[in-house]
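K.L.:
Dropping a prediction and its sequence here:
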Amino acid sequence: MTNDDTTETDRRDASDDRKTVSSGGAGRRTDRRTGSPGRTGSPGCTGHAGHAGRATRRRFLALGGAAGVVALAGCSAEPTDGGDGSDGGDGSNGSDGTDGSDGESEEDGEDGADEETPTLTVATYSSFIDAPSVSPGEWLKEEFESRVDAELEWATPNNEVNHYVERASSGASIDADLYVGLTTEDLVRVDETLDDDLFAERGEVEGFDDVRDGLLFDPFDRAVPFDTGYVSLVYDGTAIEAPETFGGLLDDEHAGALIAQNPGASATGRSFLLHTVHRFGDGPDGAVEGGDGDPDYDYLDYWAELQENDVRVLGSWDDAYSAWSEGEAPMVVSYSTDQVFADMEGENLEEHQIRFLNDQAYANPEGMAVFADADEPELAREFMSFMLEPDVQGQIAERNVAFPATDTAELPEDYAELAQEPSDPVTFTYDELQGSVSEWVEDWERQFAGN
């Protein structure tokens with residue numbers, strides 16, 4: 001279907017999704033995200049009961065929900081410890097298990113001495129916790145456990161949030177309390193696929209009022225944003241001067257110069273595709289008019305011309321960024337925070353230039369939400385409050401190479417110089433994507449495979 005039909009391991013694209021080290025020693029992020037949105041399958045499984053509140057929301061959804069942008073493959077999620085010994089090396093409160101959990105012989109007599117420390121299971125995309133370079137997961141685990149009497153256990157299913165959609169569809173238990181890394185497209189896909197609630201309403205989350213209004217993407221108040229990114233072009237300024245417009249990418253001088261991602265498997269690729277829909281519309285009978293002013297030219301026409309100009313589409317953000325890092329093309333679809341990580345690695349920033357086509361970039365906020373059947377819902381909300389604390393927001397932004405979700409984040413003074421924001425960010429709302437995003441991606445897949 002594409003030049004490289006591998007499945008996304010990123011998010012969002014987001015987050016989507018975050019950072020690995022290229023073969024030449026240069027740092028690179030792994031996607032999310034999409035989350036992308038987007039980001040491989042695992043075996044099927046069994047048990048989930050939904051909530052009745054779902055019926056209200058279903059009235060807003062298109063009849064005959066779409067099959068989904070990414071095939072729902074697989075169900076196994078292996079919990080991970082996020083790096084620092086969740087095997088019980090801490091030994092807090094006698095967790096060796098000598099003296100049994102069955103017998104409750106209250107010889108210790110102190111309040112809570114015989115109670116188990118609660119475990120919070122947080123699901124996310126894998127690079128959020130275990131990228132070889134930097135990622136926030138290990139720091140978050142250690143910091144949360146130092147502030148709260150609880151153990152944090154990460155779960156990173158290969159198929160990310162689709163893993164839980166598949167489990168819920170088959171009636172299997174969810175086995176996690178919270179998901180970190182949701183995008184708008186994820187929520188649309190969840191709601192179009194399932195009849196019952198996968199996620200609960202937000203509830204009380206401290207710090208929620210500090211989240212920037214423009215980042216709130218869930219009309220049903222389930223997902224709480226924790227960071228955001230802008231999908232843009234990253235280019236090697238020592239090799240090329242990137243075009244300033246979408247039209248410029250079609251010039252002969254840029255033939256074969258761009259590497260993008262498969263929007264059916266990558267949050268980053270999907271965001272870039274959505275930006276082209278926003279720019280050129282989805283046809284005379286479609287829902288999006290487009291900002292180019294030409295009703296007879298749509299995003300599929302634009303992609304046909306990109307193909308003629310030898311755009312290279314790879315399966316994931318990681319694949320695309322690796323190929324770009326190794327000099328296979330001078331431009332890649334990536335994130336406008338690229339210089340943050342390049343600076344951390346001591347790389348030449350001239351080789352990590354940012355271009356906002358038509359002064360725009362697609363905004364891709366990432367959120368977190370409590371599973372409707374969570375065993376520890378209040379602890380999950382406590383974790384969401386922790387994620388919005390100023391120092392934690394700053395750490396997430398730096399370690400996930402993103403922008404914080406709040407205005408109170410504590411960041412280094414030079415962060416704003418390295419993390420570039422477009423003058424005109426664009427995005428689609430939940431309502432605009434609902435009933436459309438799957439069709440846009442599927443139409444792109446058919447055309448791209450046929451050309």
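P.N.:
In hand now; what should we look at? Numbering: from 1, shown residues only.
K.L.:
For Ser232, pull up the helix or strand it's in.
P.N.:
strand 230-235 (DSSP states H and E).
K.L.:
So which elements touch that strand?
P.N.:
Other helices and strands packing on strand 230-235, by 3 or more Cβ pairs under 8 Å, 6 or more residues apart in numbering; DSSP states H and E, are helix 267-280, strand 331-335, strand 353-355, strand 360-363. Glycine gets a C-beta too; all of them are placed from N, C-alpha and C.
K.L.:
and Ser232, which of the ones you listed is closest to it?
P.N.:
Within the helices and strands packed on strand 230-235, the stretch nearest Ser232 is strand 360-363; the backing value is 4.4 Å (Cβ to Cβ).
K.L.:
Next secondary structure after that closest one?
P.N.:
That would be, after strand 360-363 and using DSSP H and E, strand 366-370.
K.L.:
So what angle separates the directions of that following strand and helix 267-280?
P.N.:
Counting by axes from the mean of the first three to the mean of the last three Cα atoms, to 10 degrees, strand 366-370 lies at 120 degrees to helix 267-280.
K.L.:
which residue ranges form the helices in the stretch 351-451 of the chain?
P.N.:
Assignment of helices within the stretch 351-451 of the chain using DSSP state H, counting those that start in this stretch yields the ranges 377-387, 390-399, 415-418, 430-433, 437-450.
K.L.:
For these, give me TSV that also has mean neighbour count and distance to Ala287.
P.N.:
As requested, the helices of the stretch 351-451 of the chain are exported to TSV (neighbours: other Cβ atoms under 10 Å; distance: least, Cβ to Cβ, whole Å):
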stretch	mean neighbour count	distance to Ala287
helix 377-387	20	33
helix 390-399	21	34
helix 415-418	15	36
helix 430-433	17	7
helix 437-450	18	10
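K.L.:
Please produce JSON lines containing the ones you listed, extended by mean pLDDT and distance to Thr245.
P.N.:
Listed next are the helices of the stretch 351-451 of the chain as JSON lines, based on pLDDT from 0 to 100; distance: least, Cβ to Cβ, whole Å:
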{"stretch": "helix 377-387", "mean pLDDT": "98", "distance to Thr245": "37"}
{"stretch": "helix 390-399", "mean pLDDT": "96", "distance to Thr245": "29"}
{"stretch": "helix 415-418", "mean pLDDT": "92", "distance to Thr245": "24"}
{"stretch": "helix 430-433", "mean pLDDT": "96", "distance to Thr245": "23"}
{"stretch": "helix 437-450", "mean pLDDT": "94", "distance to Thr245": "21"}
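K.L.:
shouldn't Ala239 be in contact with Pro330?
P.N.:
Yes - between Ala239 and Pro330 there is a contact under Cβ atoms under 8 Å: 4.5 Å.
K.L.:
With neighbour numbers in mind, choose between those two.
P.N.:
The residue with more neighbours, out of Ala239 and Pro330, is Pro330; 23 against 13, by other Cβ atoms under 10 Å.
K.L.:
so which of the helices and strands packed on strand 230-235 gets nearest Gly207?
P.N.:
strand 360-363 (20.7 Å).
K.L.:
ok now do Leu273, which residues does it touch?
P.N.:
Contacts for Leu273 (Cβ atoms under 8 Å, 6 or more residues apart in numbering) come out as 263, 299, 440-441, 444.
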